[in-house]
Structure formats: C-alpha cells, structure tokens
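Chemist: What follows is a predicted protein model with its sequence.
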Amino acid sequence: MLQPVELYNALGKAEQNNFFMTLQKVYDQLPETTCSGCATCCNWGSPPAFFIEYLNMYKFLRDQRKDHWQEILGKATEYFYLELVDTGQKCPFLNENKSCSIYEVRPFTCRSYGLLSKKDFETGDRGLQGMARKFWDEYQIKIPDELINSELSWCDKVSFGKDKYLEKTTLAGLAAQIGKLDCTFFPQDLVDKEGTLLPYPVHLMNTVLGSGARARKLKVMKEFSDCGTKELLKPFVEKACAFQF
Ligand code: SF4
Ligand code: SF4
C-alpha cells in the first residue's frame, strides 16, 4: 500500500479526476436504510474497504475530525495489531454513544449491510477457520476459538423502503464500479493478486506506520496471544498518535 507522500499524490489524482464524485454516485444507488442502531455489526469488527474509499475517509479525517485524531489513531493501531487475537476489539470508528464517527464516509460494506436476504447473506464461507490454521501452522499464533467461531449475523432490523432485498449480483456490480477506480492507482496484477479491499484501520496503519507494520504485527500478536500483554504495542501507539494528517 502507499506511503504518505504517494498518498497525497493519490488524493490529488482522485480529486482531479472526480473519483470521489464517482464514488458518491455509486453509494447513491444504494437505498437509504434505517435500523435500531444497536451497533452489534460495528462491534463485530471493521469491514473491508476499497482504496478509493480509504482516500475519501482519510480526507474526511484530515479535514473534519482533527479533534479526534489521537483517539482514532490509538484505537486504529490497537485494532490493526490485535484484531485476530483480542476478542475485545471492535471497529475503532464506533463511538461510545454507539454511532459511527465517520458515518458520512463509511465504506460500501457498511452501507450495504442488511440489503441482502438472509439466504444470500449466509451463502459462502464467512468464518476464520482457514486463517486460524495458517496463523498456527506458520507463526504458532493462536486465534481464540471465540473469534474463529464468530460470524457476523444477518440483521433483520434493517428497513429501506423497498419490499425486496437486493440481488447479490446488483451489489457485486456496484462494488465492481468502485473496484475499477482502485485499478487506476495500482498495477492490474497487484489488484488481481492481492486485492485492494482492506479494513480502514489496516489502510490507515499502512500509511501511518509504514511498510514494516505487517512484519512487526506478528510479534505484537504473538506477545498478546502468549502472555495477554501489550508491551510491544505501546511504541507503535505512541508513534501513530503523533502522526499529522
Ligand atoms: S444494522 Fe442491525 S446490527 Fe447493525 S446497528 Fe443496525 S440493527 Fe444493529
Ligand atoms: S465504519 Fe462505522 S458503520 Fe462501519 S463498522 Fe465502523 S463504526 Fe460501524
């Protein structure tokens, strides 16, 4: 992922080419939803977002959430390092009053939650079994059973002024329009091989902490998984909190 200087080039390119307007037009094709606001879905974790959505979110944080930078960066750092080993992690953008601090720029994944029928939502592998095996085999890091066996449930409390759920293909088509914008920032083979969908805190930490963040992540995860402590995490939280957007 891009480092800060390149990030600003990417922001300039997105603005010059009206990509944020294109993104908003895709969002506008989703129906407005209402729900009971229990925040169960946000407690489950931070969902994946395209790179162009991250740029949109970064711009919003920079321009409209200056008073919350430290708090958000601290929570996002913890989430980035511990999401797979600490059962207490939740989306770092969730406020104490159960609202989303970046609601205006929340990603497509959050906007489209609740728009599929139960049957469509529950189709496919949504668990962490495969990833848990990989982390144990390669790094001897134990992902807690509570996380392995947890799945984001379908929510029946979302209303959106239509009597029919959206088709999976409709949502996939809209997501593909956003994905196309990402292809203007990265080589096609990188997009095909690795994808550009990452949770916002992961995009953000790749910018804030640089390219070694992923390698250091395994050490911090292992410390927490083996001892339940966060000593190795402290300097990364301090560094992240000093970041200037
Ligand atoms: S979509 Fe459902 S789970 Fe999420 S906040 Fe609304 S009611 Fe709660
Ligand atoms: S970005 Fe906002 S809406 Fe999405 S999971 Fe986080 S707090 Fe919830």
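Modeler: Looks like it arrived, so ask away. Ligands and ions are numbered 1, 2, ... in the order given.
Chemist: Up against ligand 1, what does this protein have?
Modeler: C35, S36, G37, C38, A39, T40, C41, Y113, G114, C155, K157, V158 (Cβ under 6 Å from any ligand atom). C-betas here are computed from N, CA, C, even on glycine.
Chemist: in stretch 164-172, what's buried?
Modeler: Y165, L166, K168, L171 (16 or more other Cβ atoms under 10 Å).
Chemist: What of stretch 173-183?
Modeler: L174, A175, I178, G179, L181, D182.
Chemist: Tell me the one of those residues nearest T196?
Modeler: D182 (4.3 Å; Cβ to Cβ).
Chemist: Can you list the neighbours in contact with the helix or strand of the chain with the lowest mean pLDDT?
Modeler: Lowest on mean pLDDT, DSSP states H and E among the helices and strands of the chain sits helix 188-194, with a mean of 77. For helix 188-194, contacts defined as Cβ atoms under 8 Å, 6 or more residues apart in numbering pick out G179, D182, C183.
Chemist: Tell me, how many residues neighbour the residue lying closest to K168 once chain neighbours are set aside?
Modeler: Spatial nearest neighbour of K168, excluding adjacent residues (Cβ to Cβ, 6 or more residues apart in numbering): D120 at 5.0 Å. Neighbour count of D120, defined by other Cβ atoms under 10 Å: 16.
Chemist: helix, strand or coil for D120?
Modeler: D120 falls in the helix class when you classify it by DSSP: H, G, I helix; E, B strand; the rest coil.
Chemist: tell me which element R62 falls in.
Modeler: Using DSSP states H and E, R62 maps to helix 51-64.
Chemist: Which secondary structure elements does the next helix or strand after that helix sit against?
Modeler: Sequence-wise, the next helix or strand downstream of helix 51-64 (DSSP H and E) is helix 69-82. If contacts are counted by 3 or more Cβ pairs under 8 Å, 6 or more residues apart in numbering; DSSP states H and E, helix 69-82 sits against helix 200-209, helix 213-227, helix 234-241.
Chemist: could you dump those helices to CSV with mean neighbour count and mean pLDDT?
Modeler: Listed next are the helices and strands packed on helix 69-82 as CSV, based on neighbours: other Cβ atoms under 10 Å; pLDDT from 0 to 100:
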stretch, mean neighbour count, mean pLDDT
helix 200-209, 23, 92
helix 213-227, 17, 90
helix 234-241, 16, 94
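Chemist: need these in TSV with distance to L94, can you?
Modeler: Compiled in TSV, the helices and strands packed on helix 69-82 are given as follows (distance: least, Cβ to Cβ, whole Å):
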stretch	distance to L94
helix 200-209	12
helix 213-227	21
helix 234-241	18
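Chemist: Grab the most central residue of the chain for me.
Modeler: For the chain, P199 is the residue whose C-alpha lies nearest the centre (Cα atoms, centre = their mean; 1.9 Å).
Chemist: This completes my enquiry, with thanks.
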